[in-house]
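Student: Any chance you could fold what I've pasted below:
(chains A, B and C)
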Amino acid sequence: MHHLEVKNLSASYGKLRVLSGFNLTLSKGEIVSLVGPSGSGKSTVLRVLVGLTPPTGGEVFIDGSPVSYRSKADIKSVRDRMAIVFQQYNLFQNMDVLRNVTIAPLKIKHWPKQEVEEDARRLLAKVGLAEKLHVYPDQLSGGQQQRVAIARALALQPEILLLDEVTSALDPELVTEVLDTIRALAKEGMTMLIVSHEMAFVKEIASRVVLIDKGTVVEEGPPRQVIDTPSTERAKEFFGKILRH
Amino acid sequence: MHYTFQFGVAWQRLPDLWQGALLTLELGLLTYWGGALLGLGLASLKTYGGPIGKALANGYVTFFTNTPALIQIYFIFWGLPDVGIVFSAFNAVLLGLTLNTGAYLCEIMRAGFLSVRRPEMEAAETLGFSRWQQIWHVIVPHIVKTIYPALANYAVVLMLGTSMAMIFGVEELSGRAYNVASENYRHLEMFTLVAGMYILLTMFASLLLALVGRAAFRVKTRVF
Amino acid sequence: MIVHKVVDQLARFFGPDNLGLLWQSVGMTIALTIIGCGLGFAFAFLITLARQSRGLSGAVLRIIVTLFVEVFRRIPFLVVTYLVLFGIAAFVKGASLFLIAIVAICIYATAYLSEIIRTGFESVPHQQIEAASAMNFSRWQTLLHVILPQSIPVILPPAIAFMIAFIKDTSLVSQIGVFELSFRGKELVNQGMSGLFVFGMIALIYFALSYPLTRLGRWLEKRLASSRGQEPERQLRQA
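Tutor: Down below sits the predicted model:
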């Protein structure tokens, strides 16, 4: 049984069809990377999964159980099991780093204060921000903010981590620190769905790459196979263009 | 105590109210343009005048924006006669509101003056524009575009503000309604109609101003 | 001759007969502003919260609130005052003028302040709202923890500016006979004092109320400009 299974998913923004007939499977501890041109729908997949954009069709299963995105209770339980990190980090500007990480476990899950704080400190140390606990987001660099966002997502102890182009908004020199954090998570066996266009990183860390274009899967397989030796025309075109520079 | 609504009676006097509305518009237009000219002069004085000019303009604006318009008109209507200057009710309101509007519009226009950036002026200069051409082709359009929403908004505020004239017996919309109500004793109904008419007038004015803004100045303002 | 007249007016104005009443009327002006606008802010806050509710039952509430705000922002304050006067007089015998004035001010202030509050709420970047949503924050939890703290510095300056400006608008309730500053001024002129002198003095009193507060308001605006609902110690450290 797959950890996550997506069958025939479709989604629209108004009249614009963004996803159609999208399929994906994710096993426990697997790291799958979604790549594709902008507008291909890759971020939309993550948004639908976490309940921010309603799907117009298709099915989603977690551990074999179906998820209905029309049901508030279902969305709630999905969000208990999946956490998302955004491209723009989206930290709460009115809270310091520690509070950003502890607020959801405390106020939403109502977990005990002592444990939540210890856990938060541990996570922030893990992402290398132990000295920045009482600093506010606007005093941090983009890379630091993104690492806080990752710690914040992990604080809710998700089974599946969704990463939406988490290095795209960063200055090149800040990208490494975030990628290092993700590498560490991979080592610990976290199930991850990563949307990215850092191809070298994708090749290194993903067990499977899915190329998506115009809302459907074009090609998928092991990274080396898909990226270096793509079989479909579209894939050849995409990777050819990307890797030439 | 139970009140019986008699809207029919009030509705019959609608033509009277329309007449009043016309006076409201007249009053609003006159005071707005008068105030705009005054405001422009004051803003120019405040931005480009010497120390005395600046002090005078500042003093004027500070005084007129920190005292109620009602008191300003009271002063003109009930106070100036003491030194021999007598105005009719309409003229007193006209003068008072114009002086008041001038102060507020001065501040709006000054914001416009201050928004002009040196690079824009320098670009115009290097392109060979003369001083006057610079002002007319570069600075004025920029200023107008920047302050148009505020100007349009104030026009609506002023239109509502003309209701003050009723206090002096001027028969604009509110004043007319009050006098008619004294005849038919349907105060509540008349003023409900008046409220409705103000809503229509302001919606119409906002719409018109927004359209003019988009067409003439390419300014995107909320239509409502 | 003129000096004699001015001195005479001064004596009457600041004499024992008038001074007490003058103070009272100033007090009334201030009371009307504070109570009326204070209540207005509270109601504006409540109705803006109501406007946040979703779903079918929420839709009715949202429509009513939106209508209320749009209507009362398009009617002159004087007309609102008269409407309240005639409306209350039609159904209630012997309602106090003060109460009528407060109701009118409250309705007017609620309409204007709710727009200010709504703008404040909407100023919080929606990405933060999405992040909260994805972490299972309910709408009200998002409002409490994320939106409110960040919208307060955006709401306070224009809200306070509105209230300070309202001191001048209270002059209009003199028309229904409320004993505030303008009313007292008119009374004095009716009693034979010089209009020039009396309204000049009244203007100065309004100025003395309005100007310092306006300056204070601008100072407050500068102070709040860079904060984002963060802890006060942090703001002190910054300043």
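
Student: Was I right to think C:Phe199 contacts B:Phe75?
Tutor: Yes - using CB atoms under 8 Å, C:Phe199 is in contact with B:Phe75, at 4.2 Å. For the C-beta atoms, the positions are set from N, CA and C on the backbone; glycine is no exception.

Student: Looking at these two, which one has more neighbours?
Tutor: Legend: neighbour count by other CB atoms under 10 Å in any protein chain shown for C:Phe199 and B:Phe75, higher for C:Phe199 (28 against 21).

Student: so where does that one fall, helix or strand?
Tutor: helix C:195-224 (DSSP states H and E).

Student: Helix or strand with the lowest mean pLDDT in chain A?
Tutor: helix A:233-244 (a mean of 81; mean pLDDT, DSSP states H and E).

Student: what's the answer for chain B, then?
Tutor: helix B:131-134 (a mean of 68).

Student: Quick check: next helix or strand after the longest helix seen in chain A?
Tutor: Counting residues, the longest helix in chain A under DSSP state H turns out to be helix A:172-187. Where DSSP H and E defines the elements, the next helix or strand beyond helix A:172-187 is strand A:191-195.

Student: Please identify the pairing partners of that next one and their relative orientation?
Tutor: Using DSSP bridges, strand A:191-195 pairs in its sheet with strand A:31-35 (parallel), strand A:160-164 (parallel).

Student: where does stretch A:7-27 sit relative to the chain's centre, distance-wise?
Tutor: 16 Å (CA atoms, centre = their mean, to the nearest Å).

Student: Please identify the buried residues of that stretch?
Tutor: A:Leu9, A:Ser10, A:Ala11, A:Ser12, A:Val18, A:Leu19, A:Ser20, A:Phe22, A:Leu24, A:Thr25, A:Leu26 (16 or more other CB atoms under 10 Å in any protein chain shown).

Student: Show me which residues of chain B sit near chain C.
Tutor: Counting by CB under 8 Å from any CB of the partner chain, chain B comes close to chain C at B:1-3, B:62-63, B:66-72, B:74-75, B:77-83, B:160-161, B:163-164, B:166-167, B:174, B:178, B:187-188, B:191-192, B:194-195, B:198-199, B:202-203, B:224.

Student: buried subset of those?
Tutor: Buried, going by 16+ other CB under 10 Å: B:63, B:66-72, B:74-75, B:77-80, B:160-161, B:163-164, B:166-167, B:174, B:178, B:187-188, B:191-192, B:194-195, B:198-199, B:202, out of these.

Student: Show me these that map onto strands.
Tutor: Cross-referencing these against strands under DSSP state E gives no overlap.

Student: just checking, which of those residues belong to helices?
Tutor: B:63, B:69-72, B:74, B:160-161, B:174, B:178, B:187-188, B:191-192, B:194-195, B:198-199, B:202.

Student: quick check: angle from the least confident helix or strand of chain A to strand A:31-35?
Tutor: If you take axes from the mean of the first three to the mean of the last three CA atoms, to 10 degrees, helix A:233-244 sits at 90 degrees to strand A:31-35.

Student: Run through the chain and note the low-pLDDT ranges.
Tutor: Picking chain A for this. Along chain A, segments meeting pLDDT under 70 span A:243-245.

Student: I was after chain C.
Tutor: For chain C, applying pLDDT under 70 flags the ranges C:1, C:226-239.

Student: can you give me the helices for chain B?
Tutor: B:7-12, B:14-48, B:51-65, B:69-74, B:89-114, B:118-126, B:131-134, B:140-161, B:173-184, B:187-217.

Student: Heading C-terminal from the strand or helix carrying C:Ala104, find the next helix or strand.
Tutor: Assessed by DSSP H and E, C:Ala104 sits inside helix C:97-122. Counting by DSSP H and E, the next helix or strand C-terminal to helix C:97-122 is helix C:126-134.

Student: So which elements touch whichever helix or strand comes after that next one?
Tutor: Following helix C:126-134 in sequence order, the next helix or strand is helix C:139-142 (DSSP H and E). Under the contact criterion of 3 or more CB pairs under 8 Å, 6 or more residues apart in numbering or on different chains; DSSP states H and E, helix C:139-142 touches helix C:126-134.

Student: Centre-most residue in chain B?
Tutor: With distances taken as CA atoms, centre = their mean, the residue of chain B nearest its centroid is B:Leu158 (3.5 Å).

Student: ok, that residue - contacts?
Tutor: Residues near B:Leu158 by CB atoms under 8 Å, 6 or more residues apart in numbering or on different chains: B:Gly28, B:Thr31, B:Tyr32, B:Gly35, B:Leu97, B:Thr101.

Student: Tell me how far it lies from A:Gln225.
Tutor: Here the distance between B:Leu158 and A:Gln225 works out to 72 Å (CB to CB, to the nearest Å).

Student: And whichever strand or helix holds A:Val217, what's buried?
Tutor: Per DSSP H and E: A:Val217 is located in strand A:216-221. Of all the residues in strand A:216-221, those buried under the rule 16+ other CB under 10 Å are A:Val218, A:Glu219, A:Glu220, A:Gly221.

Student: and the third one, how far is that from chain B?
Tutor: Look at A:Glu220 and chain B: by CB to the nearest CB, to the nearest Å, they are 45 Å apart.

Student: my read: that residue touches A:Ile227, true?
Tutor: No - A:Glu220 is beyond contact range of A:Ile227, at 11.2 Å (criterion: CB under 8 Å).

Student: Name the residues contacting each of these two.
Tutor: Shared contacts of A:Glu220 and A:Ile227, defined by CB under 8 Å, 6+ apart, are found at A:Val209.

Student: how far out from the middle of the chain is stretch C:52-72?
Tutor: Put simply, stretch C:52-72 sits 22 Å off its chain's centre (CA atoms, centre = their mean).

Student: Now whatever residue of chain A ends up closest to chain B. Its backbone dihedrals?
Tutor: Going by CB to the nearest CB, chain B is nearest to A:Gly14 of chain A, at 21.4 Å. Backbone torsions of A:Gly14, given as degrees, to the nearest 10, read phi 70, psi -120.

Student: tell me, how many neighbours does the closest residue in space to B:Phe168 that isn't next to it in sequence end up with?
Tutor: Among residues not flanking B:Phe168 along the chain, B:Ala89 sits closest, at 4.0 Å (CB to CB, 6 or more residues apart in numbering or on different chains). When counting by other CB under 10 Å, one arrives at 16 neighbours for B:Ala89.

Student: Look up how far chain A lies from B:Ala89.
Tutor: According to CB to the nearest CB, B:Ala89 and chain A sit 54 Å apart.

Student: Now do the contacts for that residue.
Tutor: When contacts are counted by CB under 8 Å, 6+ apart, B:Ala89 touches B:Phe77, B:Ala165, B:Phe168, B:Gly169, B:Val170.

Student: I appreciate the help and will end here.
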